[in-house]
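Undergrad: Sequence and predicted structure are below.
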Amino acid sequence: QVQLVESGGGLVQAGGSLRLTCAASGRTFSRYTMGWFRQAPGKERDFVAAISWIGGSTSYADSAKDRFTISRDNAKNTVYLQMNSLKPEDTAVYYCAAAFHVNDHRVPSAYDYWGQGTQVTVSS
């Protein structure tokens, strides 16, 4: 069992930065692939970034490449999403997710556990 709690969201102007944090409970955190997803009002939950359980492999949605960085600290049971050069279209609720066995890390159904989400609002 893994419990996830996101923090770090907020209101920021376009071009600004935020760092989201996902704190996880559970002794086997290091064995999970971790992902970040986001969901805007009236839209589906979309993949943003993922990191392998070792942390040596990362993956990004095209919209996040070159602006966002996912990282993890297994000693602290924490995963981060550094978001730079934010745009109004990045506005959404951001969710952290954990997957023990994952075939396609880009789909929400691959993940076993989810956090409650944190709101990110980017003003123009």
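TA: Arrived safely. Fair warning: this is a prediction, and the values are worked out from it, not measured in the lab.
Undergrad: which SS class is His101?
TA: coil (DSSP: H, G, I helix; E, B strand; the rest coil).
Undergrad: what's near enough to touch it?
TA: Contacts for His101 (CB atoms under 8 Å, 6 or more residues apart in numbering) come out as none. In short, each C-beta sits where N, CA and C put it, glycine included.
Undergrad: Alpha carbons of stretch 101-110, as CSV, please.
TA: Backbone C-alpha positions of stretch 101-110 (Å, rounded to 0.1, in the frame of the first residue of the first chain) are rendered in CSV as follows:
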residue,chain,number,x,y,z
HIS,A,101,4.1,-3.1,-12.7
VAL,A,102,3.7,-0.8,-15.7
ASN,A,103,3.4,-1.6,-19.4
ASP,A,104,2.6,1.9,-20.7
HIS,A,105,3.6,4.6,-18.2
ARG,A,106,1.7,7.2,-20.3
VAL,A,107,-1.8,5.9,-19.4
PRO,A,108,-3.5,6.5,-16.1
SER,A,109,-4.8,3.0,-15.9
ALA,A,110,-1.3,1.7,-15.5
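Undergrad: so the residue nearest to the spatial centre of the chain bridges to which residues?
TA: For the chain, the residue sitting closest to the mean C-alpha position, by CA atoms, centre = their mean, is Trp36 at 2.2 Å. Beta bridges link Trp36 to Ala49, Cys96, judged by DSSP bridges.
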